[in-house]
Each structure stands twice: as C-alpha cells, then as structure tokens.
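1. Sequence first, predicted coordinates after that:
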Amino acid sequence: MAPRYYTVSWDQLHRDSKALAWRLVERGPWKGIVAITRGGLIPAAIVARELDCRMIESVSVITYDEEKLGTPEVAKPPVAAGDGEGWLVLDDLVDTGTTAKVVRAILPKAHFATVYAKPAGKPLVDTFITEVSQDTWILFPWDTEPQFVAPIARSGLVK
Ligand SMILES: O=P(O)(O)OC[C@H]1O[C@H](OP(=O)(O)OP(=O)(O)O)[C@H](O)[C@@H]1O
Ligand SMILES: Nc1nc2[nH]cnc2c(=O)[nH]1
Ligand SMILES: [Mg+2]
C-alpha cells in the first residue's frame, strides 16, 4: 500500500523544534547535545540555539535507503558524550525505533528526544512533540521542493 504523506514545511519544523526546546529546557541543564545525523542536525541546531547550548556532538546512523528500512550502520560514533549522562540526544523522528535502539545502546544514560514520533518507536523516546500514524511517511523540507501543479480542471482528476 502506498504510504500517506505528511509534509512538514520549514516554518512548521521551526515551530515544532521550538516546542521541543520548551519541554527540554525544563529538564536541563544539559552537558551538550548529540545530534543523530543527518536528520537530527537541523532540529539540533534550533534546540541548541534556544537552550543556549554550544557543545554539539554527533552520531551518524544509516538505517534507510530512501524509504526502505535496512540494517542500521553506525557510520560515526559520538566521541565526547561518554555513557550519555547529562546529554541530550536529538533526532528528527522515531519510526520503527531501530535507530533509537542503536543509539541507546551507545549512550544508555542520555535523554532521547525527537520532534516527531510514530507509535512503534514512541516507547524508545523520552520526549517528543507530534505523533503521526505508523503508515504515514513524513516529508521534511529537505526532501521536497515547490513545483508546478496543474489546475484542478486540467488535472485529469475531474469526471
Ligand atoms: O526509527 P527508525 O525506523 O530507525 O527511523 C528513524 C530514522 O530514520 C531516518 O534516518 P535515515 O536512516 O533515513 O538517515 P538520515 O537521517 O541520514 O537521512 C530518521 O532521520 C531517523 O534517524
Ligand atoms: N523522511 C523520513 N525519514 C524516515 N525514516 C524513517 N521514517 C521516516 C519518515 O517518515 N520520513
Ligand atoms: Mg536519521
């Protein structure tokens, strides 16, 4: 079955990431932020700005080839975050929870936060903002671009 899509604009991503920052500021102070690249980089930049945090680490986990789930591969481990105690781990979303499981095994004491969450991955996240259904594919601003759309009358969809 073709997935339904949930398209997130830059503006919405900024608002949702700021909402996440409001939740996280109450739970700090944090030693730093570990961004799960690549998807976590922009939410991490927005949250870091709001929390006035300049200590940014990264961990790279490759789990998907476009929309196809694969075997997760840690392409770059975090260097400075120890066992994660006092650190905030940020990603754009949790879907099956595969990426979160891998990162939790590396940073077991970190606080794990995402902007978006699907039901299967929700139990692996400490804080998130918006839930979408499991059969929804989230399209981020970096996945899309504005393009011409035919007028409804000429779309071929009108009987
Ligand atoms: O809960 P899961 O099923 O593991 O899915 C969530 C992960 O999938 C995406 O990353 P992706 O592997 O596409 O890599 P990218 O962030 O570098 O694009 C997304 O950014 C999350 O990190
Ligand atoms: N862009 C995007 N990446 C994902 N990786 C796992 N699930 C998703 C999703 O819904 N959207
Ligand atoms: Mg990712």
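-> Here it is on my side, so go on. Ligands and ions are numbered 1, 2, ... in the order given.
2. Spatially nearest residue to Ala110, not counting backbone neighbours?
-> Using CB to CB, 6 or more residues apart in numbering and skipping residues adjacent in sequence, the residue nearest Ala110 is Gly84, 3.0 Å away. Where C-beta positions appear, they are placed from N, C-alpha and C, glycine not excepted.
3. Centroid-nearest residue for this protein?
-> Asp92 (1.0 Å; CA atoms, centre = their mean).
4. Who does the helix or strand where it lies pair with, and is each partner parallel or antiparallel?
-> Assigned by DSSP states H and E, Asp92 falls within strand 87-94. The strands beside strand 87-94 in its sheet (DSSP bridges) come out as strand 32-37 (parallel), strand 111-117 (parallel).
5. Mind putting those into a markdown table with distance to ligand 1 and mean neighbour count?
-> Converted to a markdown table, these look like this (distance: least, CB to the nearest ligand atom, whole Å; neighbours: other CB atoms under 10 Å):
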| stretch | distance to ligand 1 | mean neighbour count |
| --- | --- | --- |
| strand 32-37 | 5 | 23 |
| strand 111-117 | 8 | 25 |
